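Chemist: following is a predicted model, sequence given first.
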Amino acid sequence: MHLTFRIFISLVLLHIAWLAPVFAEDPVLLRIGDEAITLSEFKEAYSRNNDHANRAGHEHVEEYLELYIDYRLKVKEAKSQGLDTLPDFRRELNGYRDQLAREFMAEHEVTDQLVREAWERSLYDIRASHILLRLPPDASPEDTLEVYTRIMDIYREINDGADFSELAGEVSEGPSARDTEAAANQSARRRNAGDLGFFTVFDMIYPFESAAYNTPPGEVSKPVRTDFGYHLVKVTDRLPAMGEARVAHIMLMTPPDMEKEEIAEKEQQIFDIYGQLQEGADFARMAEDFSEDRQSAGNGGEMAPFTSSRMVPEFIEAIHHLAESVDISPPVRSDFGWHIIKLIDRSPPPSFEAAEDEIRARVARNDRSRILQKQPEDMHEAFPEFTRIMQEYHDGILLFEVTEKEVWDEAITDTLGLKAFFEENRSEYQENELNSVRGMVIADYQQYLEKKWINRLRTKYDVRVNRELLKTVNFE
């Protein structure tokens, strides 16, 4: 059963929810074992779960109190069984916390800071390299310490003068740090010493993005943790944002396994083509005749529009120096070959006013919400409603799990008990055969088991109510 539906059923059918804060001089209304429930907690729960039309005086309050006690008994029993410590429970609760945090960020003022930050970052393209030591998000403290110690040793080596690129090739566990041989489904690839090329806001996981934007060009960040592991980030360039560009190019390929003599011939050929363009040759015709990028050659060399993270860094640097649509770059070498680039059009980043709605939507969907997970105190202080809803999720999951264990599964698996219950109550059913009314009998048997369970819980845990205090409160 989907967890949202499970929580909805558990909470709505029982009409139960509660708020955790304890206010100064707030009298205790109810004690269940060693737990104290204040008057304000109960009154808040009652008010939120009963509209004015349903508040029919003291008798109605007493009825609700009994439901509330049953609810708190079940949750307490779930905790006593350790259900709140199980990995599945923590995983489900954390999943709801992720989702809820994103929703709160989308609706509350904390988002404003992240939206403004994202827009300011969108004004720049960053080129960075990294050294990665892999570590899963759920790594043990021992494994985390071991990897952190290694990354700190590498960081100290770099500060002592070691070459970042050489270390990346030696120790980085990122896929781009080493040469890749040709395989059936991919071509050979030269190592790039961890070079990630250019990127902008939202292209990288948020902690990595922040490290890159907060590190000056030429410097290396301190170790930063992401879901992939620990990184050292070296920023090699920072340019005004290219935005989205449309270009045409003429390309002569130089694959990694090409002989030096052939590479020299390609270089001579690309400069010959460039010379002809400088003398007035038509770019589109030259692309059709000479470009080895056959996807674009038939279209006069024109490529699909792209942003900085979608193209090799040499392209981005060359486009940065092309100011007019008539500009043509000198030959540029990339890992794929030689290029001559013609700028057709650029769409720079929009103003904050024009971009705000889209950025706000992306922030809400982005992993930026997880920064609030790392500061749960701030989240709960800033948003009391967040605390209340998380408590509902927490108790709702426990309520479902413990009821499933103690009642629902028992009613289905206890065939002897079910048969005995049917025999004792046969007169309540129109059919005389259990199989004919099994679904109805199981539902009734569940109610029977639940009542027995509640009686056991009320015996197990001491329940005390200050009924004199309850009489003094107006719930209308």
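Modeler: Structure's in. What do you need? Just so it is clear, the model here is predicted, and its values are computed rather than measured.

Chemist: which intervals of the stretch 351-476 of the chain have sub-threshold pLDDT?
Modeler: Within the stretch 351-476 of the chain, the stretches falling below the threshold (pLDDT under 70) are 369-383, 475-476.

Chemist: rerun at 90
Modeler: Along the stretch 351-476 of the chain, the parts satisfying pLDDT under 90 run over 360-391, 410-412, 414-415, 418, 426-439, 441, 467-476.

Chemist: would you map the helices across it?
Modeler: 352-365, 370-373, 376-382, 384-403, 409-413, 415-424, 438-460, 467-471 (DSSP state H, counting those that start in this stretch).

Chemist: with the stretch 101-250 of the chain instead?
Modeler: With DSSP H, counting those that start in this stretch as the criterion, the stretch 101-250 of the chain has helices spanning 110-122, 141-159, 164-171, 206-213.

Chemist: and the first one, C-alpha only, in CSV?
Modeler: Going back to what we said before, that points to helix 110-122. Only the C-alpha atoms of helix 110-122 are listed here, as CSV (Å, rounded to 0.1, in the frame of the first residue of the first chain):
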residue,chain,number,x,y,z
VAL,A,110,13.7,30.6,3.0
THR,A,111,13.3,29.9,-0.8
ASP,A,112,13.9,33.6,-1.5
GLN,A,113,17.5,33.4,-0.5
LEU,A,114,18.1,30.3,-2.6
VAL,A,115,16.3,31.8,-5.6
ARG,A,116,18.4,35.0,-5.5
GLU,A,117,21.6,32.9,-5.0
ALA,A,118,20.7,30.7,-8.0
TRP,A,119,20.1,33.7,-10.3
GLU,A,120,23.3,35.4,-9.3
ARG,A,121,25.2,32.2,-10.0
SER,A,122,23.4,31.9,-13.4
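
Chemist: report the inter-axis angle for that helix versus helix 352-365.
Modeler: 120 degrees (axes from the mean of the first three to the mean of the last three C-alpha atoms, to 10 degrees).

Chemist: can you list the weak-confidence ranges in the stretch 1-150 of the chain?
Modeler: 1-26, 40-41, 43-64, 94-115, 137-139, 141.

Chemist: go with 70
Modeler: 1-25, 51-56, 105-110.

Chemist: ok so, going back, deepest-packed of the helices of the stretch 351-476 of the chain, please.
Modeler: The highest mean neighbour count among these, using mean count of other C-beta atoms under 10 Å, belongs to helix 384-403: a mean of 20. C-beta: built from backbone N, CA, C; applies to glycine.

Chemist: hmm, who's touching stretch 115-123?
Modeler: The contact list for stretch 115-123 (C-beta atoms under 8 Å, 6 or more residues apart in numbering) reads 200-202, 209, 213, 240-241, 349, 352, 355-356, 359-360, 362-363, 368.

Chemist: ok, back up a step: closest to residue 172 out of the helices of the stretch 351-476 of the chain?
Modeler: The closest of the helices of the stretch 351-476 of the chain to residue 172 is helix 370-373. By C-beta to C-beta, the value is 24.2 Å.

Chemist: returning to what we had before: quick one, which of the helices of the stretch 101-250 of the chain gets closest to residue 78.
Modeler: When the helices of the stretch 101-250 of the chain are compared (using C-beta to C-beta), the closest one is helix 141-159, at 27.3 Å.

Chemist: so which elements touch the closest one?
Modeler: strand 124-134, helix 164-171, strand 229-240 (3 or more C-beta pairs under 8 Å, 6 or more residues apart in numbering; DSSP states H and E).

Chemist: need those in a markdown table (columns: distance to residue 290).
Modeler: Putting the helices and strands packed on helix 141-159 into a markdown table (distance: least, C-beta to C-beta, whole Å) gives the following:
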| stretch | distance to residue 290 |
| --- | --- |
| strand 124-134 | 29 |
| helix 164-171 | 33 |
| strand 229-240 | 29 |
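
Chemist: and those as JSON lines, adding distance to residue 116 and mean neighbour count?
Modeler: Converted to JSON lines, the helices and strands packed on helix 141-159 look like this (distance: least, C-beta to C-beta, whole Å; neighbours: other C-beta atoms under 10 Å):
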{"stretch": "strand 124-134", "distance to residue 116": "15", "mean neighbour count": "23"}
{"stretch": "helix 164-171", "distance to residue 116": "32", "mean neighbour count": "18"}
{"stretch": "strand 229-240", "distance to residue 116": "18", "mean neighbour count": "21"}
